[in-house]
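Chemist: coords please:
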Amino acid sequence: MTLPLREELASVQPYGAPQLEVPVRLNVNENPYSPSPAVIASILERVAKILPTMNRYPDRDFMELRAALANYLYEEAGVMVEKERIWAANGSNEVMLHLLQAYGGQGRTLLSFAPTYSMYHEYARDTGTNWVAGTRGAGFKLDLEQVEAQIARTKPSVLVLASPNNPTGTALTLEEVRLVAEATRGSGPVIGGAQTDTVLVIDEAYAEFRREGTPSALTLLDEYPHVVVSRTMSKAFGMAGLRLGYFAASREIVNHVMRVRLPYHLSATTQAVALAALSHSKELMSQVAHMRATRDDLVIWLRGKGLEVADSDANFVLFGKFADRERVFEQLLERGVLIRVVGPEGYLRVSVGTDEEDARFRAALEEIL
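Modeler: This next block holds a predicted model:
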């Protein structure tokens, strides 16, 4: 049998980090803390209420959830965004797919700067969008001159920047976001004789872990209507199994994305669980403060071992450099600790775990060093 697989997919392997049963799994940036009994009780109560209506389609515009997400962003970042300017989907992966289905495609370009999240390239591939990756400067910071040059050269329809960046953990300053937002005005493709803006996506999947004094790009939404700020409930909320990502943007961007979403794409169960988790946001954020402190202490400890460590505003740390990082990875795995081989050559990435997991990782790495 010969099937008509798209030619560009012929040599592609499915995405996925290793899923291994080991005592300490610190490889996919999950929140290591399970939902509390109170959160679980709220979820069960919410889901029980919608079960008798499971024969009906869910609210396709999920306005209650959008309002709850808007309220959460006001609590977390101090920025009030109308519920009509919020969009959600099955993980931040689908959020990005929606944006590229609306603004990408044949003859258009998605621009980013490496090292960065490896899925961006796959979103581009899956939507038939050209992918261009510039490079970062010292300390994995953006080289703003290169950013402006790449924007001028490629005229991207979409530019995505993760802040904090994955896998480096580095966050953008508000001034950096503002400079890129200015550079992406009128920098997109010409459509129907009119010059368009580049849609600038600031991916804040790990924003809740940012250090004190690091602002969110949400504060720039009213000033720059071509900016999108993406978030997720997978990380800080400890809801990776829920698969709920969302973004805040202008009403026009939300309206454009609604044209490409699949019918009833968010199940009634997803909406119910997300609403239950959001009702416990203060409790869940208290875990985040402890994880921030653990991360900062881990950075200090790793540097004390003579390793190079990137400044991190996320729930993970990039460290190196190793002549043979694969060997260090395997030696950690032999000791029951799973981390991630990702990012620049010579570096490894470890997620922040529980206190016990953190202690086991340190003990294992110290033996290897």
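Chemist: how many neighbours does A138 have?
Modeler: A count of neighbours around A138, defined by other C-beta atoms under 10 Å, yields 6. (C-beta placed from N, C-alpha, C; glycine too.)
Chemist: what's the spacing between it and E45?
Modeler: Note on A138: its distance to E45, by C-beta to C-beta, to the nearest Å, is 51 Å.
Chemist: can you give me the helices for the stretch 201-350 of the chain?
Modeler: According to DSSP state H, counting those that start in this stretch, the stretch 201-350 of the chain carries its helices in the segments 251-258, 268-278, 281-304, 325-334.
Chemist: which of these sits most buried?
Modeler: Ranked by mean neighbour count, the helices of the stretch 201-350 of the chain are led by helix 268-278 with a mean of 21 (mean count of other C-beta atoms under 10 Å).
Chemist: who are the packing partners of that helix?
Modeler: On a contact count with 3 or more C-beta pairs under 8 Å, 6 or more residues apart in numbering; DSSP states H and E, helix 268-278 meets helix 37-50, helix 63-77.
Chemist: buried stuff in the last one?
Modeler: Okay, so that is helix 63-77. Applying a neighbour-count criterion of 16 or more other C-beta atoms under 10 Å, the buried positions in helix 63-77 are L65, R66, A67, A68, L69, A70, Y72, L73, E76, A77.
Chemist: from those residues, pick the one nearest N29.
Modeler: The closest of these to N29 turns out to be E76 (C-beta to C-beta; 18.5 Å).
Chemist: for the closest one, what are its contacts?
Modeler: Counting by C-beta atoms under 8 Å, 6 or more residues apart in numbering, E76 makes contact with A207, E208, S216, S281, M285.
Chemist: show me the two of those that sit farthest apart.
Modeler: Pairwise distances across those (C-beta to C-beta) peak at 15.2 Å, for the pair S216 and S281.
Chemist: I'd like to know which of the helices of the stretch 201-350 of the chain is closest to S351.
Modeler: S351 lies closest to helix 281-304 among the helices of the stretch 201-350 of the chain, at 9.4 Å (C-beta to C-beta).
Chemist: same for the closest one, what does it pack against?
Modeler: The contact analysis (3+ C-beta pairs under 8 Å, 6+ apart) places helix 281-304 against helix 37-50, helix 63-77, strand 308-309, strand 316-320, helix 355-368.
Chemist: do that again at 10 Å, thanks
Modeler: helix 37-50, helix 63-77, helix 268-278, strand 308-309, strand 316-320, strand 348-351, helix 355-368 (3 or more C-beta pairs under 10 Å, 6 or more residues apart in numbering; DSSP states H and E).
Chemist: show the average pLDDT along stretch 250-257.
Modeler: Averaging pLDDT along stretch 250-257 gives 98.
Chemist: with stretch 175-188 instead?
Modeler: According to the model, stretch 175-188 has a mean pLDDT of 98.
Chemist: return the distance of it from the chain's centre.
Modeler: Chain-centre distance of stretch 175-188: 20 Å, with C-alpha atoms, centre = their mean, to the nearest Å.
Chemist: going forward can the numbers begin at 6, since that is how I track them
Modeler: Taking 6 as the first residue, the last one we looked at is stretch 180-193.
Chemist: and it, what's buried?
Modeler: Buried residues in stretch 180-193, counting neighbours by 16+ other C-beta under 10 Å, are found at E181, V182, R183, L184, V185, A186, A188, T189, S192, G193.
Chemist: so which of the helices and strands packed on helix 286-309 is nearest F334?
Modeler: Taking the helices and strands packed on helix 286-309 one by one with C-beta to C-beta, strand 353-356 is closest: 6.3 Å.
Chemist: in TSV: the contacts of E81, plus pLDDT and distance to E150.
Modeler: Shown next, in TSV, are these (pLDDT from 0 to 100; distance: C-beta to C-beta, whole Å):
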residue	pLDDT	distance to E150
A212	97	26
E213	97	31
S221	96	25
S286	94	40
M290	84	37
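Chemist: quick one, strands of the stretch 6-155 of the chain?
Modeler: 29-30, 91-94, 114-119, 135-140 (DSSP state E, counting those that start in this stretch).
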